[in-house]
Structure formats: C-alpha cells, structure tokens
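*Asks:* sharing a model prediction with you, sequence too.
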There are 2 protein chains.
Amino acid sequence: MNFSSHLLENAVAEFAKLPGIGKKTALRLVLHLLKTEAAQVNHFADTIQKMRQEIRFCTRCHNVADGPLCNICATPARRHDLVCVVESIRDVMAIEGTQQYNGAYHVLGGVISPLDGIGPDQLQIESLLQRVQEQQVSEIIFALNPNIQGDTTIYFIQKKLAAYPVKVTAISRGIAFGGELEYADELTLARSLQNRQPVETLVRG
Amino acid sequence: MNFSSHLLENAVAEFAKLPGIGKKTALRLVLHLLKTEAAQVNHFADTIQKMRQEIRFCTRCHNVADGPLCNICATPARRHDLVCVVESIRDVMAIEGTQQYNGAYHVLGGVISPLDGIGPDQLQIESLLQRVQEQQVSEIIFALNPNIQGDTTIYFIQKKLAAYPVKVTAISRGIAFGGELEYADELTLARSLQNRQPVETLVRG
C-alpha cells in the first residue's frame, strides 16, 4: 500500500497487528477514526490504555476483575460450593450467557498441551486444589473444550482431586442442538450413542 | 454479554463502535490486548491519538499529509499538470497501487448526492477550479466510482471546467479484466460494446 502520510501508515500498521485484522481492514478502521471527532478518538485510546493498566485478575478464580475479587466471586447469592473449571475468560462469558449456572468458576488460563510447551505448572491447577482444600467445594464441573488437550487436563486434575471428598463432573457431550447427524464426526456420534439418555430428560430439558 | 469487569466491558464497547466490528470480534481484540505487553498497548493507543491529532490535509490536493503538502504534491518528479480527480483518500491509494500513474490528484471528499444531503459546496470543487485557473493544468482525469452520483459529479464539474482550456477525460469503463460477460450488468455490457476499441490497444496494454 502507498501511504502519503507516515502518521496514517503507522496507525494502519498498529491496527494490522491485531488478530484477524489485515491491512485493508486496518485502513478502513483508521480512515473511520480520521473522520471521528478527536475527543472520541482520545476516549477510545484512553479506555484501552486504562483497561490494560488497571484490569486485575480475581485472586480466587483468576477471572478478569476490577478489584481483588471478580463480580462473580463477590456475589454472595451465588453457590460458591460449585466450581466450574474453564480454560479462559471467554468460556466464563459463554457459560454466563446461558443464564443457567449459578455457581463459581475457576479459570485455568489454558490447557495441558505438551506440543505448545504448556505443562500443569503454567496453569492455575495448584490454586484450584487449594480452593478445594480450604473452601467448602462440593462439586467440580469441568467445562473444557472437548479435545485431546482438554481431556488430558481433566484426567490430570481429576487424579489430583481423588484425594478430596468432592464430586467431579464434566459437561455432557453429544450432538449439538440443531446439529445434523450426518455431519457429526464419528467419535461424537459413537459417544453420543454410548451415553444415550432416557427420553424423559430431553422432554424435561 | 456478561462481563465480570467494567474495564473490560468499556474497552469492548469502544472497539465495537468501529465499523464492521461486532461485540464478539471486539472481545477477541480486547482479550488479545490484555495478553499483550502494557508498553505495546500504550504504543498502539499513542499512535492512534497522534495520528488523529497531528495528521493534516494537503493544502493543494486535500490528500492526507504530514506537512502542508502531501508526499505526492511535494514530489517534483511527478507531472503536476495532470490532475486525477477522486472521491476519497482510499481511491488515491488504489491508483497509486497500480504504479502506472505519475500525475497529481485532487480529493473531492465525496460526490454530489442530494439524497445524502451532499451538494457541490461540501466538496472540494472550488479549490479544483482555482487550481486549473492558477496552476498549469493540462488535463483533468475523472476517476470517480461509476454510478449515478459519480456521473452527476463529473457532469457538474465538467460544465464549470468548460471555461478553461483544459483537456477533460475519465477512466474507461467496461468489462473488468478476469470478469465474465454473462455476469456483467446490461448497462456495462452495452456501453462496453458502444465504446469498442481497436484490438491493437489490447495487445499493446
């Protein structure tokens, strides 16, 4: 691309560093900001800087937080004896989006993946065991992505949890609602058959 | 979306104001910045603020510029007697991208569009006529998007230019290279037939 201004070129280059934003999209965004009022552009930049500088992570569940505890851990009305173990903040938001879960979370910050050089020590596993030990946790619910890394992580943590009197569950797997059998992969379909459920549970759900 | 942090929520809301960026994409970008080093995020924000505050518009052609003249107007090696009239900065970049044009530009800042409330007075038409009057301009080349608004704008300016001894041309229209006849609209195809060219021009091109 041929820029007639270095200021423009630099701004486009910065936007193009973001994931999924190519040069053309970056240019479109920058030209939009160029037409936006300066005060609004300053607000945009300040908000992002403030977010990066001031955001904290919940000391209990490692979710993003504005203070020492996140909004979820700080809400007394939730069931703090239920702990849903997730990979990332985004998964917390996905589950919160269902409005069907009233327990607490524990954000691992990733899953065990030797190929990517991620071992158990880089994840928030120790603090999870500590929570089980020190707080009243009645159930650990694994809600990790259904793949090899997720299953390895569940297996690893579940062995460590065997020492404590806590119920350990995982979210169910099967054919997604609205999905089509003929496009489901064989593993999912096979497991879905094995884990077949009484029809009443469907009707109730 | 359920955010457990207002700082995160505000940053996502700011990104989601950008054109073509929805809430989900905004969240992905913000979570990326959250993982990026603070110094880099500051650099991102500063670059955008600086661009918005310091960027100027070329006093001659109204292209973006770092100083009083844009890089193109400030280059003596270019043919400043050729003036290519375009709608926006993006069109300058598109033509520069071809590396086939060695003249100057004039950015109108839009096209005449009564439905959008844009009349000739809101565009840089007066300054174009002034350029023709005061500087040595031998040819005006219209490179506006081929639609009603573009054609109206060409017609309006062309009438004003009739008073000056300047050649007035427009970029050619027809079937795009790599395009298929059966998918071309009727108007384009009909015009393309009317404006048929000697085969030698194709061979030379």
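*Replies:* In hand now; what should we look at?

*Asks:* now do the contacts for the nearest residue to residue A:27 once chain neighbours are set aside.
*Replies:* Nearest non-adjacent residue to residue A:27, counting by CB to CB, 6 or more residues apart in numbering or on different chains: residue A:12, 5.2 Å away. (Each C-beta comes from the backbone N, C-alpha and C, glycine too.) Contacts for residue A:12 (CB atoms under 8 Å, 6 or more residues apart in numbering or on different chains) come out as A:1, A:3, A:23, A:26-27, A:30.

*Asks:* also residue A:111?
*Replies:* A:87, A:118, A:123, A:144-145, A:149-150, A:152-153.

*Asks:* chain A: helices as residue ranges?
*Replies:* Counting by DSSP state H, chain A has helices at residues A:6-16, A:23-35, A:38-54, A:89-98, A:126-134, A:148-161, A:186-194, A:199-204.

*Asks:* what's the closest of these to residue B:65?
*Replies:* Among the helices of chain A, helix A:6-16 comes nearest to residue B:65, with 9.0 Å by CB to CB.

*Asks:* run the chain-centre distance for the closest one.
*Replies:* Helix A:6-16 sits 30 Å away from the centroid of its parent chain (CA atoms, centre = their mean, to the nearest Å).

*Asks:* buried residues, it. List them.
*Replies:* A:7-12, A:14-16 (16 or more other CB atoms under 10 Å in any protein chain shown).

*Asks:* and stretch A:89-102, by the same measure?
*Replies:* Here stretch A:89-102 shows A:89, A:91-93, A:95-96, A:101 as buried, counting by 16+ other CB under 10 Å.

*Asks:* and of these, the nearest to chain B?
*Replies:* Comparing the buried residues of stretch A:89-102 against chain B with CB to the nearest CB places residue A:96 closest, at 3.6 Å.

*Asks:* what's the closest one in contact with, if anything?
*Replies:* A:72, B:2, B:4.

*Asks:* let's have those residues in a markdown table, adding neighbour count and pLDDT.
*Replies:* Shown next, in a markdown table, are those (neighbours: other CB atoms under 10 Å in any protein chain shown; pLDDT from 0 to 100):
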| residue | neighbour count | pLDDT |
| --- | --- | --- |
| A:72 | 22 | 93 |
| B:2 | 14 | 74 |
| B:4 | 24 | 80 |
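
*Asks:* how about the residues you listed in TSV, adding distance to residue B:196?
*Replies:* Conversion of the contacts of residue A:96 to TSV gives the following (distance: CB to CB, whole Å):
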residue	distance to residue B:196
A:72	70
B:2	62
B:4	66
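
*Asks:* just the residues you listed now: which is nearest residue A:110?
*Replies:* residue B:4 (18.6 Å).

*Asks:* how near is the closest one to chain A?
*Replies:* 4 Å (CB to the nearest CB, to the nearest Å).

*Asks:* nearest to residue A:60, of the helices of chain A?
*Replies:* So among these, helix A:126-134 is nearest, using CB to CB, at 7.1 Å.

*Asks:* and the closest one, how far from the chain's centre?
*Replies:* With CA atoms, centre = their mean, you get 20 Å for helix A:126-134.

*Asks:* domain map for chain A?
*Replies:* A:6-53, A:80-171, A:172-205 (automatic domain parsing).

*Asks:* gap between the last one and the chain center?
*Replies:* Okay, so that is domain A:172-205. On CA atoms, centre = their mean, the centre of domain A:172-205 falls 24 Å from that of its chain.

*Asks:* returning to that earlier point: make a PyMOL selection of the buried ones in the contacts of residue A:111.
*Replies:* To isolate the buried ones among these in PyMOL, judged by 16+ other CB under 10 Å, type:
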select buried, chain A and resi 87+118+123+144+149+150+152+153
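
*Asks:* in TSV: the contacts of residue A:111, plus distance to residue B:139 and pLDDT.
*Replies:* Shown next, in TSV, are the contacts of residue A:111 (distance: CB to CB, whole Å; pLDDT from 0 to 100):
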residue	distance to residue B:139	pLDDT
A:87	62	94
A:118	63	93
A:123	67	95
A:144	66	91
A:145	61	89
A:149	64	91
A:150	65	91
A:152	69	93
A:153	68	94
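
*Asks:* got a markdown table for the contacts of residue A:111, with distance to chain B too?
*Replies:* Shown next, in a markdown table, are the contacts of residue A:111 (distance: CB to the nearest CB, whole Å):
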| residue | distance to chain B |
| --- | --- |
| A:87 | 12 |
| A:118 | 14 |
| A:123 | 15 |
| A:144 | 18 |
| A:145 | 16 |
| A:149 | 18 |
| A:150 | 19 |
| A:152 | 23 |
| A:153 | 19 |
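
*Asks:* looking at chain A, which strand is longest?
*Replies:* The strand that spans the most residues within chain A, counting by DSSP state E, is strand A:79-86.

*Asks:* average pLDDT across it?
*Replies:* Averaged across strand A:79-86, the pLDDT comes to 94.

*Asks:* so which bits of that strand are buried?
*Replies:* Buried residues in strand A:79-86 (16+ other CB under 10 Å): A:80, A:82-86.
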